[in-house]
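*Asks:* my questions are about this predicted structure, shown below with the sequence.
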Amino acid sequence: MQPACIRHTDLPGTSRLFGDFVYHFDKVARFYHHDPHDPESFAIAAKQVDYPEDRRRAMVAALRAQNGDSESLRKLAQPGTVAVVTGQQVGLFSGPAYTIYKAMTAARMARQLSERGIPAVPVFWLATEDHDFAEVNHAWTFGAAGEPVAVRLGPGESATKQQPVGGIAMANPPLHELRKSLGGLPFADEVMAAVEQTYRPGATMGQGFRALMKNVLAKLDLIYLDPLDPAVRKVGAPFLAKALTAVPELKAGFMERNRELNAAGYHAQVHIDGKTSLFFLLENGARLALRLKDSEYAALADRAEQVSPNALLRPVWQDYLLPTVAYVGGPGELAYLAQSEVAYRRLLGRMPVAMARSGYTLLDARSQKLLNRYGLTVTQVMTNPTALQERIARTLVPESVTKSLEAATAEITRHLDHVQGSLESFDPTLANAAGKSRAKVLYQLEKLGKKTARETMRRDARAVGDAGHLAAMLYPHRHPQERFYSILPFLAQHGMDLIGRIYETVEPMCPDHRVYTV
C-alpha cells in the first residue's frame with residue numbers, strides 16, 4: 001500500500017521556517033544555496049564540489065578501516081563520486097525511528113542520483129562527539145499491549161558531563177529489559193537476535209549504534225563515519241585550523257544572520273552572542289567548551305586535530321571531509337543550516353543541497369480499524385488525551401440523544417434570537433443583556449452535550465481503551481511517533497522485512513509526512 005500524505009503544517013509543532021522550507025521555498029531561499037525541490041539543483045551542486053584526490057584517498061582509507069570494504073566505498077574511491085549525507089546522535093538501540101528514515105532517504109536519494117548519471121553514495125555521520133548523555137541513554141518501545149516503555153542504561157552506565165557519548169562503554173546493555181518490553185510481539189526473537197549481535201557487553205555507544213544500523217540497513221550499503229577517529233581528524237585538521245583563524249568574522253556573520261532570521265519572522269536555532277564559543281577541545285576524554293577571546297582562537301591552529309566544532313560549524317566540517325552533494329536533515333538541522341550558510345560561504349565556498357528527510361507514521365491494523373470506526377484522521381489523534389476521548393465519546397452518543405440536543409439547541413437559539421431582535425428595537429441595553437443570557441444558555445447546552453458524551457465514554461470501557469491505544473501508538477506522550485519510539489518495536493511487530501517495505505515507498509522529493517499502513 002502506498003502511504004497517504006499529510007502536510008507538515010497540519011502536524012503539531014511544525015516551525016514556520018520548516019513549513020516555508022518545504023512549501024514556500026522562495027521565502028527562505030536566501031538562507032540556502034540550492035532549491036531542494038528543483039531536480040537540477042543536484043547537478044549544479046555536484047559540479048561545485050571541489051574534492052582533491054589526496055583527500056578522497058585519505059578519507060576512503062579511514063572509512064574502510066571503520067566499515068570494512070563495500071561496494072559503496074569502492075564507488076566513493078572513484079573520482080567524481082559525490083555523497084548524500086545524513087546523521088544522528090548515537091542513541092541507545094538506534095535512537096528514535098526517524099533515524100532510520102533519515103538513512104533511508106539518503107540511500108534512496110543516492111540511488112536516484114546515480115540513475116540520473118551523478119554517481120553518488122549514502123554516508124551516515126555518527127554524531128559521536130556530542131556530550132549530552134541524557135538524550136541518548138534510553139529508548140522507547142512497546143509490546144503487544146501497545147503501552148510505551150522506556151528502556152534505559154543502568155545506573156552504573158554513566159558519563160561525565162563533558163564526555164563524548166560515542167566513546168562511553170556499556171558494561172551491561174539493557175538487553176533483558178528490551179526483550180521484556182517487546183513481550184508478545186510476533187517477531188521479537190528476530191529483533192533480539194539482531195540486537196544481541198551488536199550490543200555486546202563492553203561495546204561503546206558508538207560501536208553498538210553503528211553495528212545495529214549496519215545490521216538492520218544492510219541492503220542499503222551505507223557508509224558510516226565516526227568523526228572521533230584520529231585518521232578522520234587528521235584529514236579535517238586544515239579546515240578546523242582555517243576556521244580557528246576566522247572566528248571574529250564568523251561570529252559577526254552568525255550574529256547578523258540571526259538578526260536576518262528574526263527580522264523574517266523565524267527562530268534562530270542556535271543563539272549566538274559575543275561570548276559564544278564556536279569550538280570545543282577534545283582533551284583527556286572530555287569535550288570542553290573553549291572560552292577565549294575571539295582573537296585568541298588562531299593560536300590553537302596547530303592543535304586543530306583536538307578541536308571539535310560546534311553545531312553551526314560541524315556540517316561545514318563534514319562537507320569539507322566529504323564530497324557532499326546533498327545533506328538530509330530534520331526540521332531542526334535544516335534550521336541550523338540556515339545559520340551555517342554563513343560559514344559555508346566563508347570557509348568552503350559552496351553548500352550542498354539541503355533537503356528534508358522522509359517522515360512516517362506507521363499504522364498497524366488495529367490503529368487503522370479504530371480510525372475508521374470513529375471517523376478520525378491521524379492529525380486528530382495528535383491532541384491531548386482528554387480532547388481525544390471527548391472526540392471519540394461524541395461518536396458513541398446514541399443518535400436519538402444527539403438529535404434531541406441538536407434540535408433543542410436550534411429551537412432555543414431561534415427563540416432567543418427573536419427575543420433579542422425585539423428588544424433591540426425597544427431598548428438596546430436590554431438587547432445587550434439578552435445577548436449575554438443567550439451565550440450562557442447555549443454554553444449550558446454545549447456543556448450538557450459534553451457531559452453526555454463523557455458519560456457514554458465512561459459506560460464504554462472499550463472506547464476508553466481504544467482512545468488510549470491510538471494515543472499511545474500515534475502520539476505517545478504527546479510526541480510524534482517517529483520522534484518517540486525506536487524502530488525496534490515496529491520490526492518486532494511486523495517483521496525485519498518492514499525496512500525494505502518502507503524503503504520502497506521513500507520518495508525524497510515528496511515534501512509531506514507519510515502515513516503508512518503496515
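*Replies:* In hand now; what should we look at? Residues are numbered from 1 along each chain as shown.
*Asks:* what ranges do the helices span in the stretch 301-450 of the chain?
*Replies:* Applying DSSP state H, counting those that start in this stretch to the stretch 301-450 of the chain gives helices spanning 314-321, 331-343, 365-374, 378-381, 385-396, 399-426, 428-459.
*Asks:* output the contacting helices and strands for the first one.
*Replies:* This points to helix 314-321. strand 82-89, helix 230-245, strand 324-329, helix 331-343 (3 or more CB pairs under 8 Å, 6 or more residues apart in numbering; DSSP states H and E). Any C-beta I mention is one placed from the backbone N, CA and C, and that applies to glycine too.
*Asks:* about what we covered before: CSV please, covering the helices of the stretch 301-450 of the chain and showing mean pLDDT, mean neighbour count and distance to residue 126.
*Replies:* Compiled in CSV, the helices of the stretch 301-450 of the chain are given as follows (pLDDT from 0 to 100; neighbours: other CB atoms under 10 Å; distance: least, CB to CB, whole Å):
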stretch, mean pLDDT, mean neighbour count, distance to residue 126
helix 314-321, 98, 23, 11
helix 331-343, 97, 22, 15
helix 365-374, 94, 16, 33
helix 378-381, 96, 19, 32
helix 385-396, 84, 17, 36
helix 399-426, 72, 12, 56
helix 428-459, 74, 14, 47
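*Asks:* thought residue 350 was touching residue 33?
*Replies:* Yes - taking CB atoms under 8 Å as the definition, residue 350 is a contact partner of residue 33 at 7.2 Å.
*Asks:* on that earlier part again, so which of the helices of the stretch 301-450 of the chain gets nearest residue 98?
*Replies:* For the helices of the stretch 301-450 of the chain, the distance to residue 98 is smallest for helix 331-343, at 10.3 Å, taking CB to CB.
*Asks:* mind giving me the packing neighbours of that closest one?
*Replies:* In terms of contacts (3+ CB pairs under 8 Å, 6+ apart), helix 331-343 is packed against helix 16-23, helix 247-263, helix 314-321, strand 324-329, strand 353-356.
*Asks:* can I see the domain layout of the protein?
*Replies:* The record, using automatic domain parsing to delimit domains, assigns the chain the ranges 4-235+313-363+493-517, 383-474.
*Asks:* who wins for proximity to residue 274 among those?
*Replies:* domain 4-235+313-363+493-517 (16.0 Å).
*Asks:* now residue 325: how far from residue 45?
*Replies:* Going from residue 325 to residue 45 by CB to CB, to the nearest Å gives 5 Å.
*Asks:* shared neighbours, those two?
*Replies:* 352, 353 (CB atoms under 8 Å, 6 or more residues apart in numbering).
*Asks:* more neighbours, these two?
*Replies:* residue 325 (28 against 22; other CB atoms under 10 Å).
*Asks:* ok, now which ones touch that one?
*Replies:* For residue 325, the contact set (CB under 8 Å, 6+ apart) comprises 42, 45, 46, 49, 82, 83, 84, 113, 118, 120, 352, 353.
*Asks:* I'd like the distance between the nearest residue to residue 216 once chain neighbours are set aside and residue 190.
*Replies:* Using CB to CB, 6 or more residues apart in numbering and skipping residues adjacent in sequence, the residue nearest residue 216 is residue 499, 6.1 Å away. Distance of residue 499 to residue 190, computed by CB to CB: 12 Å.
*Asks:* before we move on, what about residue 348?
*Replies:* 43 Å.
*Asks:* of these two, which one has the most company?
*Replies:* Neighbour count, other CB under 10 Å: between residue 348 and residue 190, residue 348 has more, with 19 against 15.
*Asks:* rewinding a little: which residues do residue 350 and residue 33 both contact?
*Replies:* Common neighbours of residue 350 and residue 33, counting by CB under 8 Å, 6+ apart, are 45, 344.
*Asks:* quick check, central residue of the protein?
*Replies:* Centroid-nearest residue in the chain, with CA atoms, centre = their mean: residue 330, separated by 4.8 Å.
*Asks:* give me every residue that touches that one.
*Replies:* Contacts for residue 330 (CB under 8 Å, 6+ apart) come out as 98, 102, 356, 357.
*Asks:* ok, now with 10 Å
*Replies:* By CB atoms under 10 Å, 6 or more residues apart in numbering, the contact set of residue 330 is 18, 86, 88, 96, 98-99, 101-102, 336, 356-357, 359, 482-483.
*Asks:* of the residues you listed, closest to residue 302?
*Replies:* Closest approach to residue 302 among the contacts of residue 330 (CB to CB): residue 336, at 28.5 Å.
*Asks:* what's the closest of the contacts of residue 325 to residue 444?
*Replies:* Residue 444 has its nearest neighbour among these in residue 353, at 57.5 Å by CB to CB.
*Asks:* number of nearby residues for that closest one?
*Replies:* Residues near residue 353, counting by other CB under 10 Å, number 23.
*Asks:* quick one: contacts for it?
*Replies:* By CB under 10 Å, 6+ apart, the contact set of residue 353 is 32-38, 41-42, 44-46, 84, 109, 324-328.
*Asks:* how close does it sit to residue 2?
*Replies:* Distance from residue 353 to residue 2, by CB to CB: 25 Å.
*Asks:* just how off-centre is the helix or strand hosting residue 135 within its chain?
*Replies:* According to DSSP states H and E, residue 135 maps onto helix 133-136. Its chain's C-alpha centre lies 15 Å from the corresponding centre of helix 133-136 when counted by CA atoms, centre = their mean, to the nearest Å.
*Asks:* so how far is the helix or strand following that helix from its chain's centroid?
*Replies:* Going down the chain from helix 133-136, the next helix or strand is strand 138-141, by DSSP H and E. Put simply, strand 138-141 sits 15 Å off its chain's centre (CA atoms, centre = their mean).
*Asks:* now do strand 138-141: everything it contacts.
*Replies:* With CB under 10 Å, 6+ apart as the test, strand 138-141 has contacts from 91-97, 147-153, 174, 177-178, 180-182, 185, 191, 476-477, 479, 481, 483-490, 492.
*Asks:* in helices, which of the residues you listed fall?
*Replies:* 177, 178, 180, 181, 191, 488, 489, 490, 492 (DSSP state H).
*Asks:* from the residues you listed, which is closest to residue 229?
*Replies:* residue 488 (26.9 Å).
*Asks:* related to what we said a few turns ago, for PyMOL, what selects the buried ones among the ones in helices among the contacts of strand 138-141?
*Replies:* Selection of buried members from the ones in helices among the contacts of strand 138-141 for PyMOL, criterion 16 or more other CB atoms under 10 Å:
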select buried, resi 177+178+181+191+488+489+490+492
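*Asks:* quick check: bridge partners of the closest residue to residue 483 other than its chain neighbours?
*Replies:* Distances taken as CB to CB, 6+ apart place residue 96 nearest to residue 483, at 5.2 Å, with adjacent residues excluded. Residue 96 forms beta bridges with residue 486, as assigned by DSSP bridges.
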